[in-house]
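Student: Sequence plus the predicted model coming up.
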Amino acid sequence: MSRLLLNCDIGESFGNWTLGLDAEVMPFIDCANIACGFHAGDPGIMRKTVGLALANNVLIGAHPAYQDLAGFGRRSMAYSAQELQDLLHYQIGALDGICRAQGSRVSYVKPHGAMYNDMMANPAQLRAVVQAVAAYDVSLPLMLMATRDNSAAQAIGDEFGLTLWFEAFADRAYDSAGHLVSRQLPGAVHHQADVIVQQALTIAAGQPLTASDGSALHLHATTLCVHGDNASSVAAVRRIREALNQQAQP
């Protein structure tokens, strides 16, 4: 990829529950991480969100999670490697089937919530996720967190011949290792639009961020996660898109 792609978790409504401003944010992103029914979403929401992504020429990604609808997929759960792979194949296949019915396909995979965090903390779990995606379709990139040193994750991806897309965040603070600062700590989440847009541009330019301990932090990212769950976040995404477009001009 020659430019930083904006990705957004999307399609997370369920039944009578509405979450996110999907239609408002979709025109400004490159990649839609669509919930596959285990932490959010349902068949109808998946179908509508796929159609919305296709209408806006947005790449469709599977956003699989632990089977934890009540906890929105944010609670760690104990699965064997085989069980984890079964969960992934079930969810990727469900979204891929809905895509095929609309003349498209899933283009990449980004795990959600606790599954995402757990695989970044546990190399054995990351291996199981990489192996699952490669077994389903080795041409599908896997999105995972960019840190100070991506080499260990890259080695696992290379072992299975899987492309990795490393993801950074415009609205989160980082520690010196390139991990996200816990939301329990002050300053972990950036709320000012100017700060969020500036961090996005810094990452896109390959320039260092300032970690929580004051050290310089280089993140080698291919995609940037943005959020579109309220009007102010949609406005921030629009500003990021406009700023990145201006940055890309010669």
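Tutor: In hand now; what should we look at? Numbering: from 1, shown residues only.
Student: lowest-confidence helix or strand of the chain?
Tutor: helix 231-248 (a mean of 87; mean pLDDT, DSSP states H and E).
Student: Please point out which parts of that helix sit buried.
Tutor: For helix 231-248, burial by neighbour count (16 or more other Cβ atoms under 10 Å) applies to 233, 234, 236, 237, 238, 239, 240, 241, 244. All C-beta spots, glycine's among them, are computed from the backbone N, C-alpha and C.
Student: Also stretch 199-209?
Tutor: Across stretch 199-209, burial judged by 16+ other Cβ under 10 Å covers 199, 200, 201, 202, 203, 204, 209.
Student: Over to stretch 152-172?
Tutor: Neighbour-count burial for stretch 152-172 [16+ other Cβ under 10 Å]: 153, 156-157, 162-172.
Student: Which ones among the residues you listed lie within helices?
Tutor: The members of the buried residues of stretch 152-172 that map onto helices under DSSP state H are 153, 156, 157.
Student: Dump stretch 219-231 to PDB, keeping only the CA atoms.
Tutor: As requested, the backbone C-alpha atoms of stretch 219-231 are provided in PDB (Å, rounded to 0.1, in the frame of the first residue of the first chain):
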ATOM      1  CA  LEU A 219       5.200   3.200  14.500                       C
ATOM      2  CA  HIS A 220       5.500   1.600  11.100                       C
ATOM      3  CA  ALA A 221       1.800   1.400  10.200                       C
ATOM      4  CA  THR A 222      -0.100   0.700   7.000                       C
ATOM      5  CA  THR A 223      -3.600   1.600   8.400                       C
ATOM      6  CA  LEU A 224      -5.100   4.000  10.900                       C
ATOM      7  CA  CYS A 225      -8.100   3.100  13.000                       C
ATOM      8  CA  VAL A 226     -10.700   5.900  13.400                       C
ATOM      9  CA  HIS A 227     -14.100   5.900  15.100                       C
ATOM     10  CA  GLY A 228     -17.500   7.000  13.900                       C
ATOM     11  CA  ASP A 229     -19.800   6.300  16.900                       C
ATOM     12  CA  ASN A 230     -20.900  10.000  17.500                       C
ATOM     13  CA  ALA A 231     -21.100  13.200  15.600                       C
END
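Student: Give the buried residues for it.
Tutor: Residues 219, 221, 222, 223, 224, 225, 226, 227, 228, 229 are the ones in stretch 219-231 that count as buried (16+ other Cβ under 10 Å).
Student: Secondary structure class of residue 126, three-state.
Tutor: At residue 126, secondary structure determined by DSSP: H, G, I helix; E, B strand; the rest coil is helix.
Student: For residue 144, see how far away it is.
Tutor: Residue 126 sits 7 Å away from residue 144, going by Cβ to Cβ, to the nearest Å.
Student: Between the two, which is the more surrounded one?
Tutor: Each of residue 126 and residue 144 has its neighbours counted (other Cβ atoms under 10 Å); residue 144 has more, 24 against 20.
Student: Go through the buried residues of helix 231-248 and name the one nearest residue 52.
Tutor: When those are compared for distance to residue 52 (Cβ to Cβ), residue 234 wins out at 14.2 Å.
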